[in-house]
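Would you be able to build a 3D model of this:
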Amino acid sequence: MLSRADRAYLRGETELASAQSERNARSRIRDRIHDATLDFEVLVEHLSDRDRELVFGKRFEEMEGAEAFDVLVSAIAFLYRATGDTDIAFETVLKEGINVAEAKADRAATVDLDLTFQTLTAEQLRHKLEQGETLSLTEIAYLHESDDVSMDELAQYFTDADGAEAIDDGRIQSKVTNF
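Residues are numbered from 1 along each chain as shown. The predicted model follows:
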């Protein structure tokens, strides 16, 4: 979907020479996202099962740690947020998407999605950590991005009994074992 240069720009790893270059890059990225989204229908309808399995079975197996999991979670998260930018309910999209996939196996699925929202605050989550409660992936990611909790403070909750970091690859998703 994105070029290496686009990824580097979005991650903040490179700076563009001018405001016009930045506008051009952002426009190019929007066009690529739009075109890639249109490609999903083509992929579902026309990509062979073997080709899909070679991408997701073989190549994803070669990814390290939780990287494959993170990629798929991020894809769903992106589409969930993108659906929120439309007049289409995510639950409807999810149900239909699953049933389109299952139809290829001559099956239909009943999909129930139950969303319950709660407001997150750093203080509330800090209290949960102090009480020894387990945090969800979402809660840990929220603290990771929060300016109210330093990385050192957050890291103290992810050390083992000897004081060594229990997880050392630095990725929030990999620090969650129970969610």
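
Only the buried residues of the lengthiest helix in the chain, if you could.
In the chain, taking DSSP state H as the definition, the longest helix is helix 19-46. Applying a neighbour-count criterion of 16 or more other C-beta atoms under 10 Å, one finds 25, 29 buried in helix 19-46. For every residue, glycine as well, the C-beta is placed using N, CA and C.

For that helix, name the packing helices and strands.
Counting contacts by 3 or more C-beta pairs under 8 Å, 6 or more residues apart in numbering; DSSP states H and E, the secondary-structure elements packed against helix 19-46 are helix 4-10.

buried residues in the lowest-mean-pLDDT helix or strand in the chain?
In the chain, no helix or strand scores lower on mean pLDDT, DSSP states H and E than helix 151-155, which sits at a mean of 78. Of all the residues in helix 151-155, those buried under the rule 16+ other C-beta under 10 Å are L154.

Using PDB, write down the CA coordinates of that helix.
Coordinates of the C-alpha atoms in helix 151-155 are reproduced here as PDB (Å, rounded to 0.1, in the frame of the first residue of the first chain):
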ATOM      1  CA  MET A 151       8.100   5.500  30.100                       C
ATOM      2  CA  ASP A 152      10.100   4.700  33.200                       C
ATOM      3  CA  GLU A 153       7.000   4.500  35.300                       C
ATOM      4  CA  LEU A 154       5.200   2.300  32.800                       C
ATOM      5  CA  ALA A 155       8.300   0.100  32.500                       C
END
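
Residue ranges in this structure under the pLDDT threshold?
With pLDDT under 70 as the threshold, the chain has low-confidence stretches at 158-179.

spatially speaking, which residue is in the middle of this protein?
Among the residues of the chain, the one closest to the centroid is S74, at 1.7 Å (C-alpha atoms, centre = their mean).

How many residues are close by E145?
As a burial measure, E145 scores 9 neighbours (other C-beta atoms under 10 Å).

about what we covered before: name the next helix or strand downstream of the helix or strand hosting the residue nearest to the centre of the chain, please.
Per DSSP states H and E: S74 is located in helix 67-84. Remark: after helix 67-84, the chain's next helix or strand is helix 90-103, criterion DSSP H and E.
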